[in-house]
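>>> sharing a sequence plus its predicted fold:
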Amino acid sequence: MADPTYVPPQVWEWKQKNGGKFANTNRPVAGATHEKALSVGKHPLQLYSLGTPNGQKVTIMLEELLAAGIRDAEYDAWLIDIGEGDQFGSGFVDINPNSKIPALVDRSGTKPVRIFESGAILTYLAEKFSLFLPETQPERAETLSWLFWQMGSAPFVGGGFGHFYAYAPEKYEYPINRYAMETKRQLNVLNRQLSQHEFIAGDNYTIADMAAWPWYGGLVLGTLYNAATFLSVSEYPHVIRWAKQIAARPAVQRGRRVNRSGGEPSDRFIRERHNASDLD
């Protein structure tokens, strides 16, 4: 349903009362709003994040590295509460000028290295530890292509479909239909690919799977936006097969619990993670 009363003005003006779940923290300018230093733990890898689908990508990757025996992948995970505006603290803005989670600082070298954007973090960690990203072509190009496919597609699923279907203060038919169509198109792209391959980029589990699973796995398994029925996810049997296969991995089960609170008791979500025992 359209709003017949709205006529766009000649020049747009920001009104904080625009509404929505994140109206208190969304704004049209960048930069810090307050001084707040970031905590630093004992491990070289310091993650500042929240257990959204984008945040889960990185904690899943780190737990997979640890499960593979990479001891140097031990990490501290600090919760950035975007509902409280933590992403606009001066310390966080210093490591991610875009004020979005996740952000990582690697303190293992002579100078700290900051990495922001989930795809960049996955690539950095895969290259640092030589795992989950093929080193030879064409497998490497295929993996990176699917990784960037997910990075480019996620805004339509999250900021588009998820926002208007689950979070917008009012339900309007046009944006929900527009973004539901695009989300289903993406699920069809993934279903066609997974009908030919065990994992997204081929026969091996890679960072492309880690990037896509929290989004598309969440959609078809019903944990993201509670929209599985609305999207008729039974139309994507290969995505469902893949999503269940990834969900059964112990490292994935561990990674999806980090930097989160609430949820079903059996999940035992944790706000911060500083040792492997925190998840035990």
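Perfect, thanks for sending it.
>>> what's the helix or strand for A212?
For A212, the host element (DSSP states H and E) is helix 207-212.
>>> so, low pLDDT: which residues of this protein?
For the chain, the stretches flagged by pLDDT under 70 are 1-3, 17-24, 263-267.
>>> one step back: what lies in contact with the helix or strand following the helix holding A212?
Per DSSP H and E, the first helix or strand lying C-terminal to helix 207-212 is helix 218-221. The contact list for helix 218-221 (C-beta atoms under 8 Å, 6 or more residues apart in numbering) reads 53, 157, 183, 187, 224-225, 227-228, 231, 233, 236, 239-240, 243-244, 247. (Each C-beta comes from the backbone N, C-alpha and C, glycine too.)
>>> same question, stretch 224-234
Looking at what lies outside stretch 224-234 - C-beta under 8 Å, 6+ apart - the contacts are 53, 161-162, 165-166, 180, 183-184, 187, 214-215, 218-222, 239-240.
>>> and the end-to-end length of it?
15 Å (C-alpha to C-alpha, to the nearest Å).
>>> go on, stretch 225-239?
17 Å.
>>> report the buried residues of the longest helix along the chain.
Identified as the longest helix of the chain according to DSSP state H is helix 173-194. For helix 173-194, burial by neighbour count (16 or more other C-beta atoms under 10 Å) applies to 175-176, 179-180, 183-184, 186-187, 190-191, 193-194.
>>> the helix or strand where S145 lies vs helix 173-194, what angle?
Using DSSP H and E, S145 falls within helix 139-155. Here helix 139-155 runs at an angle of 160 degrees relative to helix 173-194 (axes from the mean of the first three to the mean of the last three C-alpha atoms, to 10 degrees).
>>> who touches the helix holding A212?
So helix 207-212 is contacted by 57, 60-61, 64, 118-119, 122-123, 126, 132-133, 143-144, 146-147, 150-151, 190, 199-201, 242, 246 (C-beta under 8 Å, 6+ apart).
>>> let's see 6 Å
57, 60-61, 122, 126, 132-133, 143, 146-147, 150, 199-201 (C-beta atoms under 6 Å, 6 or more residues apart in numbering).
>>> chain center to that helix: distance?
Chain-centre distance of helix 207-212: 10 Å, with C-alpha atoms, centre = their mean, to the nearest Å.
>>> which other residues reach the helix holding S145?
With C-beta under 6 Å, 6+ apart as the test, helix 139-155 has contacts from 119, 133-134, 186, 200-201, 206-208, 211-212, 215.
>>> go ahead and list the helix or strand containing Q46.
strand 45-49.
>>> strands of this protein, start to end?
Along the chain, counting by DSSP state E, strands occupy 45-49, 75-79, 103-106, 113-116.
>>> in a markdown table, list these along with distance to G85 and mean neighbour count.
Shown next, in a markdown table, are these (distance: least, C-beta to C-beta, whole Å; neighbours: other C-beta atoms under 10 Å):
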| stretch | distance to G85 | mean neighbour count |
| --- | --- | --- |
| strand 45-49 | 14 | 24 |
| strand 75-79 | 13 | 23 |
| strand 103-106 | 15 | 23 |
| strand 113-116 | 17 | 17 |
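>>> which stretch among those strands comes nearest D280?
The closest of these to D280 is strand 75-79. By C-beta to C-beta, the value is 15.1 Å.
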